[in-house]
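In: Task: produce atomic coordinates for the following.
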Amino acid sequence: MKCNIYITVLSVTLSVMFFCSEARAQQQEVDVYQRAEEEADRLAELLDLEDWQTFYVDSTLKHDLPAIMEEFTKLNESKVSNPTLYQTVQDKWFDQIDATYKKIFTEEQWAEYMKSSGGKAMKAREKRKAKAQKK
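Out: Sure thing, here's the model as predicted:
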């Protein structure tokens, strides 16, 4: 009888843990999509984007941000503890995002984007790449 109680408690505990991890994963996915929408809206306002441009920015972010998170998850599951590897993954994807933005934005919008946080982030990535190549 005691064994059945322990098995039942263990089963319930594992079920709750599984449900919580699934709920957390779904919440992270929602947060990533919400962040993508917020960033697309911010850029639309900052750069006075056309509706079609905002759509492409939003679509790009909704694809690339979850891809970053997926790679982070794989690194985490592989027990990678080196923060440089995580930074490299993030830099790779943000380079891709910026390359897409350059195709979407007009020259004036791109120049304004480069004056904003986008240009600063790009310079920081380039600096990290140069430092890594020296090693």
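
In: going forward, measure contacts between C-alpha atoms and count neighbours the same way
Out: OK.

In: Lys120 contacts Met114, doesn't it?
Out: Yes. Using C-alpha atoms under 8 Å, Lys120 is in contact with Met114, at 7.3 Å.

In: Low-confidence ranges, the chain, go.
Out: Of all residues in the chain, those with pLDDT under 70 make up the ranges 1-30.

In: and the next element down the chain from the helix or strand hosting Ala44?
Out: Ala44 belongs to helix 2-47 when elements are defined using DSSP states H and E. For helix 2-47, the following helix or strand on the C-terminal side (DSSP H and E) is helix 51-77.

In: May I see the buried residues of that next one?
Out: 53-55, 57-58, 60-62, 64-66, 68-69, 72, 75 (16 or more other C-alpha atoms under 10 Å).

In: for those residues, which one is nearest Ser81?
Out: Leu75 (8.3 Å; C-alpha to C-alpha).

In: Just list the residues touching the closest one, thanks.
Out: Going by C-alpha atoms under 8 Å, 6 or more residues apart in numbering, Leu75 touches Tyr86.

In: can we see that at 10 Å?
Out: Listed by C-alpha atoms under 10 Å, 6 or more residues apart in numbering, the contact set of Leu75 reads 69, 81-82, 85-86, 89.
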